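Enquirer: I need the structure of the sequence given here:
(one chain, ligands or ions: 1)
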Amino acid sequence: MINKKLSAIYKDLPFSTRMYVPIRQMLLDFERMVEQVPENVNKIQELGCGYGLASFLMAQSRPNTTIESYDIAKNRIDLLGKINPYKNLKFYAKNVIDINTFDADVIIMTDLLHHLTYIEQRMLLNHIRKTAKDDVFIIVKDMDRGKHSFRQAVNYTIDIVHAKGLTFFYHTQDSFQKLFEECGFRITKQSHLNRSYIPLNHIVFCLERM
Ligand SMILES: C[S@@+](CC[C@H](N)C(=O)[O-])C[C@H]1O[C@@H](n2cnc3c(N)ncnc32)[C@H](O)[C@@H]1O
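Expert: Numbers count the residues shown, from 1 in each chain. This is a model prediction of the structure:
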């Protein structure tokens, strides 16, 4: 469950970050999520990469793919730049709203959308639709607010501790579908990625342009 090769990349970072990486892997099955990313593509853009777990896994399993990963937190990106062992992966400190062009074959965002306001979510998705390739493949992993009030309470608590804020912009499975369709994307696949012993409600969507 804990990918030791992945955790080893962080071995020289402060204790709190080294602890965060296995905890994050317990909370979310990154390997199962990354399996949804097509293998033979030229370029992937990851939006809101955080400490880069998905980026490192993709760089490792797809050595011929160029990966550009973005996060607004400059301190995280600076750390990742220092420890990144992969030549095909580059990290950028940038607000995803300010990215000019989405020119990748695959765009992936993991628990980013609920950190953007509802208006920003639409701005981002609309800008992707306007600038991305016709056949762009998008993976959105987020939290399903659903009817699972206990699971959502756990998620909210983790978000408050982790993001040190109180305001998040969650969706239900249905309101995600409405958002995607209104921004010009259709869902080709959706599934929950829950670990049976962790009370969180992860949902993954694969999207294509309508
Ligand atoms: C819950 S974390 C998820 C990180 C990572 N994707 C993961 O799954 O471990 C959300 C990340 O989104 C980043 N973020 C929030 N708003 C952003 C924005 N407007 N532009 C870029 N990154 C943003 C935060 O800095 C944070 O690292």
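Enquirer: What is the least confident helix or strand in the chain?
Expert: In the chain, no helix or strand scores lower on mean pLDDT, DSSP states H and E than helix 149-163, which sits at a mean of 85.
Enquirer: What pLDDT is listed against the residue of the chain found nearest the ligand?
Expert: For the chain and the ligand, the shortest gap (CB to the nearest ligand atom) falls at residue 50, measuring 2.3 Å. Where C-beta positions appear, they are placed from N, C-alpha and C, glycine not excepted. pLDDT for residue 50: 96.
Enquirer: mind listing what the closest residue to it other than its chain neighbours touches?
Expert: With CB to CB, 6 or more residues apart in numbering as the criterion, residue 50 has its nearest non-adjacent residue at 6.1 Å, and that residue is residue 71. If a contact means CB atoms under 8 Å, 6 or more residues apart in numbering, then residue 71 has 48-50, 77, 91-94 as its contacts.
Enquirer: Then residue 188?
Expert: Here residue 188 is in contact with 206-208 (CB under 8 Å, 6+ apart).
Enquirer: and the residues you listed as a markdown table, adding distance to residue 29, secondary structure and neighbour count?
Expert: Below are the contacts of residue 188 laid out as a markdown table (distance: CB to CB, whole Å; DSSP: H, G, I helix; E, B strand; the rest coil; neighbours: other CB atoms under 10 Å):
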| residue | distance to residue 29 | secondary structure | neighbour count |
| --- | --- | --- | --- |
| 206 | 16 | strand | 19 |
| 207 | 20 | strand | 25 |
| 208 | 23 | strand | 14 |
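Enquirer: Tell me the backbone dihedrals of the residue nearest in space to the middle of the chain, please.
Expert: Centroid-nearest residue in the chain: residue 110, 1.7 Å away (criterion: CA atoms, centre = their mean). Note on residue 110: its backbone torsions stand at phi -120, psi 110 [degrees, to the nearest 10].
Enquirer: Nearest residue to residue 30 in space, please, no chain neighbours.
Expert: Excluding the flanking residues, the one nearest residue 30 by CB to CB, 6+ apart is residue 53, at 5.2 Å.
Enquirer: ok, that neighbour touching residue 23?
Expert: No - between residue 53 and residue 23 there is no contact under CB atoms under 8 Å: 11.0 Å.
Enquirer: higher neighbour count, these two?
Expert: Remark: of residue 53 and residue 23, residue 53 carries more neighbours, 24 against 12, as counted by other CB atoms under 10 Å.
Enquirer: How about the contacts made by the more buried one?
Expert: When contacts are counted by CB under 8 Å, 6+ apart, residue 53 is found next to 6, 21, 24-25, 30.
Enquirer: and it, what are its phi and psi?
Expert: Taking degrees, to the nearest 10, you get phi -60, psi -50 for the backbone angles of residue 53.
Enquirer: Return the residues of the chain in contact with the ligand.
Expert: The interface of the chain toward the ligand, taken as CB under 6 Å from any ligand atom, is made up of 24, 48-50, 53, 70-73, 95-97, 110-112, 115-116.
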